[in-house]
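1. below: sequence and its predicted model.
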Amino acid sequence: MSQGSPDGFPELVGMVHLPALPGAPGFDGDRATLRERAVEDAEALVAGGMDAVLVENFGDAPFHPGEVPRHTLTELTALVGAVRRAVDVPVGVNVLRSDGSGAVAVAAATGASFVRVNVHTGARVTDQGVVEGSAHETLRLRDRLDADDVRVLADVDVKHSAALGDRPLDEVARETVERGGAGGLVVSGPATGEPVDTERLERVAAVADETGVPLVVGSGTTPATVADLLGVADAAIVGTALKQAGKVTAPVDRARVERLVAAAREG
């Protein structure tokens, strides 16, 4: 089994799926409960043995296709900051649907270590319409904010989307690193909680090896599959399998976290 990225990227990353934030249709008007839930989920993930956490505005559907409003970024900054103060592991940020610049800004303000960008390069057809990558803006902003230590993890063939055009997967992955400046590649299944296609994972793994960046499984990891997946990839982002009753919107279940971590370590 892999022991994580050779450059030290955490092997097991647990998801903090935030409920709807202020300004989103599903927001219930209670900021205090939002913060408590975020911190409790993060603490349960770390107590169960996860190496890092990734905070995401999962409840904000329907998502903005690119830049999110200022108030969303300020709310995220407050919540990520609270998580950072609560846990002593690397913290990441994902701003859905694909606001890479916003994620970098939140990370720089809070001291977060990495961001996930769903469409960093190229273009994808999604339920938000055609989402185009903005690597040129994301990396220039990171430089202006003196936040070069914030790693950008970029999805390849991201879930809940389809390719615009027909380019080979390994070519897309290579250009995401070499021309897009990504510091890691993410491969996910077709939807939240769905497993990755092993053949596609192995194709991107070859590119990750060549370019020297970590390969991260982005969805569908379970105790039954984690050891095999970490035999190919350097890390896994895990959400659904760690929630009560395996429901993505439910709170984190520490016992489920411990089972997954044990399976990964024993594999």
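-> On my side now, so go ahead.
2. how many other residues sit next to residue 221?
-> Number of residues near residue 221 (other CB atoms under 10 Å) recorded here: 31. Yep, even glycine has a C-beta here, placed from its N, CA and C like the rest.
3. quick one, helices of the stretch 51-200 of the chain?
-> According to DSSP state H, counting those that start in this stretch, the stretch 51-200 of the chain carries its helices in the segments 70-86, 100-110, 135-144, 169-178, 198-211.
4. can you convert the ones you listed into a markdown table and add a column each for distance to residue 256 and mean neighbour count?
-> Converted to a markdown table, these look like this (distance: least, CB to CB, whole Å; neighbours: other CB atoms under 10 Å):
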| stretch | distance to residue 256 | mean neighbour count |
| --- | --- | --- |
| helix 70-86 | 19 | 19 |
| helix 100-110 | 27 | 25 |
| helix 135-144 | 33 | 17 |
| helix 169-178 | 31 | 19 |
| helix 198-211 | 23 | 17 |
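5. now those helices as TSV including mean pLDDT and distance to residue 237?
-> Formatted as TSV, those follow (pLDDT from 0 to 100; distance: least, CB to CB, whole Å):
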stretch	mean pLDDT	distance to residue 237
helix 70-86	98	15
helix 100-110	98	14
helix 135-144	98	19
helix 169-178	97	17
helix 198-211	97	13
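6. identify whichever of the ones you listed lies nearest to residue 43.
-> Residue 43 lies closest to helix 70-86 among the helices of the stretch 51-200 of the chain, at 5.8 Å (CB to CB).
7. run the angle between that closest one and helix 100-110 for me.
-> Using axes from the mean of the first three to the mean of the last three CA atoms, to 10 degrees, the direction of helix 70-86 lies 40 degrees away from that of helix 100-110.
8. elements contacting helix 70-86?
-> helix 31-47, strand 52-56, strand 91-94, helix 100-110 (3 or more CB pairs under 8 Å, 6 or more residues apart in numbering; DSSP states H and E).
9. surely residue 86 meets residue 42?
-> Yes: counting by CB atoms under 8 Å, residue 86 does reach residue 42; the two are 5.7 Å apart.
10. residue 223: which of the helices of the stretch 51-200 of the chain is closest?
-> That would be helix 198-211 among the helices of the stretch 51-200 of the chain, by CB to CB, at 17.3 Å.
11. and that closest one, how far out from the chain middle?
-> 18 Å (CA atoms, centre = their mean, to the nearest Å).
12. if we can go back for a sec, okay if I get the helices of the stretch 51-200 of the chain as CSV plus distance to residue 46?
-> As requested, those are exported to CSV (distance: least, CB to CB, whole Å):
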stretch, distance to residue 46
helix 70-86, 9
helix 100-110, 17
helix 135-144, 26
helix 169-178, 29
helix 198-211, 26
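13. how about the ones you listed, which one is nearest residue 94?
-> helix 100-110 (6.2 Å).
14. mind giving me the packing neighbours of the closest one?
-> Secondary-structure packing of helix 100-110 (3+ CB pairs under 8 Å, 6+ apart): helix 70-86, strand 91-94, strand 114-117, helix 135-144.
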